[in-house]
Structures are given as structure tokens and as C-alpha cells.
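J.: After the sequence you'll find the predicted model.
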Amino acid sequence: MKKVFKLSTLALLLFTLGIACSTDDDSTGTDDGDDGIVTELHAAFAAFNTDATTIYLDGSNVVIETTGLPDHETVYWGQGNTLYRDEPDVELTPSIMSSNNNAVTITVDATPDLDGNTVSTNFDTIGIAVSGASIFNDQEGGGALDAAAASLDWTGAHIGPGVYHYHLEPKAFSDDDDSLVGVLLDGVFLYGRKCSSIGAYPTDLDASGGHTSTTQYTDGVEEYHYHIINEVYSTTGSYLAFAGPYQGY
């Protein structure tokens with residue numbers, strides 16, 4: 001049986017819906033419609049190195065394509081490169097340019113699902129840093145990182161196997177501060193050891209180093225995000241970038 005509405009009732013309904021839509025402001029740039037399609041990248045993606053990364057929306061996902069080549073100095077560029085940095089105490093693995101292809105592509109949720117189960121990190125790329133290089137967890141070759149610590153450069157990264165990647169706090173662009181470090185495979189952003197919302201070290205971090213607060217990219221809106229946990233890792237004298245588990249799967 002068909003239902004018939006008076007024109008005045010229908011007009012009022014459309015006007016009300018129009019107001020509701022026009023006042024729905026998602027400052028994080030991930031405006032989901034009923035079909036799950038996101039229409040704008042999160043503002044934090046503007047901090048990524050555009051020379052190395054191409055970032056775009058694909059429905060409800062964000063695709064990050066990167067050359068894997070960082071935009072900062074390291075011994076791993078190799079002598080003769082303009083970004084080469086002499087680090088005589090580093091036990092070198094292959095240089096960036098002589099290693100295997102550094103290119104990596106990841107796809108993450110534009111709006112992380114924080115209602116599911118936590119998931120452990122795996123050996124390989126667990127995220128992409130703002131420099132364009134990969135982020136790895138607290139292991140090396142499926143074992144403890146300690147055995148490879150001597151090969152880490154001044155910014156907590158090395159090559160082996162495959163791509164240049166960070167295990168520790170990347171001091172080239174986040175050194176005891178609140179700077180954006182990158183985004184992880186669950187779509188959650190990773191920041192330095194301090195939080196911009198309080199200007200100090202957060203004290204309410206969960207087991208993954210995450211909490212919910214405003215950031216410099218959320219325009220006053222609170223958002224779940226990770227921080228590098230403010231604890232020295234083993235004998236390295238620095239801090240693990242991320243050990244897990246993920247919260248956004």
C-alpha cells in the first residue's frame with residue numbers, strides 16, 4: 001500500500017535533512033557517507049614527503065605508494081650521494097641504492113575500526129613514515145632486535161632485509177617531540193613521544209602506546225592515535241617506534 005505525504009510535510013523533511021547535512025563537519029577529513037566512501041584525506045597526510053609518496057583515496061581506504069627513499073641524511077645513502085652522512089660506528093648492511101627495490105604500497109582504512117580485536121604486528125613493513133620509508137616493529141628477521149642494533153643508523157634505521165626501515169624513534173624528523181611519525185597498517189597515526197594536546201608526555205597510553213586526544217591535525221576534535229612509548233629500548237639508548245599490537249583492525 002503506497003503512503004502519500006502532503007507536499008508541505010515533504011518540504012519540511014527535505015529542509016531539515018539539508019540543515020543536518022550542511023552542519024555535519026568532520027574536521028579530520030574523513031567524511032563517510034552511507035556507502036562508506038570517504039571524500040577527503042585526513043589532514044595529517046599533508047605532512048608526508050611528496051617526493052617519495054603518492055597518497056590517494058580509494059573508497060573507504062587510503063592507498064599509500066612510496067619509493068621508500070627517505071628525505072634525510074643517513075650513512076645508508078652511500079658515499080657520493082648528497083644525503084650521505086658519515087657514521088663510522090654503524091655496522092653497515094647494503095646501501096639504499098644498492099639494496100633491493102625500496103618501493104612499498106600499503107592500503108589502510110581511512111577510518112580505523114577500533115571496535116575489533118587487537119592484532120599483533122608482523123615482520124615486514126608495519127607502516128609508512130612521513131619521510132617515505134618503512135616502519136618496522138621490535139624484531140629483526142623474526143628474532144630480537146638486539147642482534148641487529150649495531151647496524152642501526154643515527155635515526156634508528158637500517159636495511160636488512162629489503163627496504164630501508166625504522167625500528168626506533170626516527171630522530172631525523174621526531175626527536176623527543178610531538179611530531180607526526182607516520183601511519184600504521186591499521187590506519188592509525190603514530191606520533192612522537194610527546195602529545196600536542198598537553199605539550200608533554202602522555203600518561204594515559206594503552207598497551208599499544210595509544211590514547212584519544214586532539215592532535216595538531218584534528219582541528220580540536222579528539223582522535224585515537226599512537227605515540228612512541230617513552231621507554232628506552234634495551235642497549236640502544238633510544239626508543240622503539242612501535243611494538244604493537246595494532247588497535248585499529
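T.: Ah, there it is. Numbering: from 1, shown residues only.

J.: Skipping adjacent residues, who's closest to the most centrally placed residue in the chain in space?
T.: With distances taken as C-alpha atoms, centre = their mean, residue 183 lies nearest the centre of the chain, 1.1 Å away. Sequence neighbours aside, residue 189 is the residue nearest to residue 183 in space, at 5.3 Å (criterion: C-beta to C-beta, 6 or more residues apart in numbering). (Each C-beta comes from the backbone N, C-alpha and C, glycine too.)

J.: same question, residue 230
T.: Distances taken as C-beta to C-beta, 6+ apart place residue 193 nearest to residue 230, at 4.7 Å, with adjacent residues excluded.

J.: wait, the one you found sits on residue 168?
T.: No. Checked against C-beta atoms under 8 Å, the pair residue 193 and residue 168 is beyond contact range at 11.6 Å.

J.: shared neighbours of the two, anything?
T.: residue 239 (C-beta atoms under 8 Å, 6 or more residues apart in numbering).

J.: returning to that earlier point: could you pull up the residues touching the residue nearest to residue 183?
T.: Applying C-beta under 8 Å, 6+ apart, we find residue 189 in contact with 42, 44, 180, 182, 183, 215, 217, 225, 226.

J.: Would you convert those residues into TSV that also reports pLDDT and distance to residue 62?
T.: Converted to TSV, those look like this (pLDDT from 0 to 100; distance: C-beta to C-beta, whole Å):
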residue	pLDDT	distance to residue 62
42	97	8
44	98	11
180	98	15
182	98	13
183	98	8
215	98	17
217	98	14
225	98	15
226	98	16
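
J.: Show the buried residues in the residues you listed.
T.: The neighbour count (16 or more other C-beta atoms under 10 Å) marks 42, 44, 180, 182, 183, 215, 217, 225, 226 as buried among the contacts of residue 189.

J.: Which of these fall in strands?
T.: Secondary structure defined by DSSP state E assigns 180, 182, 183, 225, 226 of those to strands.
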